[in-house]
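>>> From the sequence below, what's the structure:
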Amino acid sequence: MKLNVGDRLITLHILPVEGDITTLRVLRDLKGRLSFTEEEHKLLQFKQVPGGQSWTPEAVGDVEILMGPKALSMIAEAFERMNQAKKLTLEMLPTYEKFVEKE
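Residues are numbered from 1 along each chain as shown. Sure, this is the predicted structure:
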């Protein structure tokens with residue numbers, strides 16, 4: 001699945017932090033795939049600013065992230081839980097649509 005920097009950050013943020021052994025192994029692999037390489041960090045120039053983070057958005061385009069059905073299911077379920085709890089934000093909407101409302 002092609003994800004931009006914002007999608008990757010949001011997805012990393014919503015992933016579960018606990019589960020059974022299978023879930024944790026999939027989660028460990030998924031976090032590694034979604035994380036940023038040292039080269040990407042250098043290009044993006046992440047900075048903490050009041051209210052969050054900033055980066056150079058045009059520095060890194062969409063990246064193909066390989067995910068199996070279990071990983072995709074974990075992400076969709078996390079978004080569904082946030083939706084049910086009314087915890088989604090406007091910034092999350094495009095990423096939510098990629099994982100939950102995909103065709």
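
>>> Just the residues contacting the helix or strand hosting residue 33, thanks.
Residue 33 belongs to helix 21-34 when assigned by DSSP states H and E. Here helix 21-34 makes contact (C-beta atoms under 8 Å, 6 or more residues apart in numbering) with 3, 8, 11-12, 15-16, 18-19, 65-68, 70-71, 74-75. Bear in mind the C-beta positions are built from the backbone N, C-alpha and C, glycine included.

>>> likewise stretch 55-62?
Contact with stretch 55-62 is made by 2, 3, 4, 5, 6, 40, 43, 44, 45, 46, 47, as judged by C-beta under 8 Å, 6+ apart.

>>> Name only those of those residues that count as buried.
3, 4, 5, 40, 44 (16 or more other C-beta atoms under 10 Å).

>>> after the lowest-mean-pLDDT helix or strand in the chain comes which helix or strand?
Least confident helix or strand, the chain: strand 52-54 with a mean of 79, by mean pLDDT, DSSP states H and E. Note on strand 52-54: by DSSP H and E, the next helix or strand toward the C-terminus is strand 63-64.

>>> follow-up on the earlier one: CSV please, covering the contacts of stretch 55-62 and showing secondary structure and distance to residue 88.
Compiled in CSV, those are given as follows (DSSP: H, G, I helix; E, B strand; the rest coil; distance: C-beta to C-beta, whole Å):
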residue, secondary structure, distance to residue 88
2, strand, 21
3, strand, 17
4, coil, 18
5, helix, 19
6, helix, 14
40, helix, 26
43, helix, 29
44, helix, 25
45, coil, 28
46, coil, 24
47, strand, 25
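
>>> from those residues, which is closest to residue 83?
Taking C-beta to C-beta as the measure, residue 83 lies nearest residue 6 of the contacts of stretch 55-62, at 18.3 Å.
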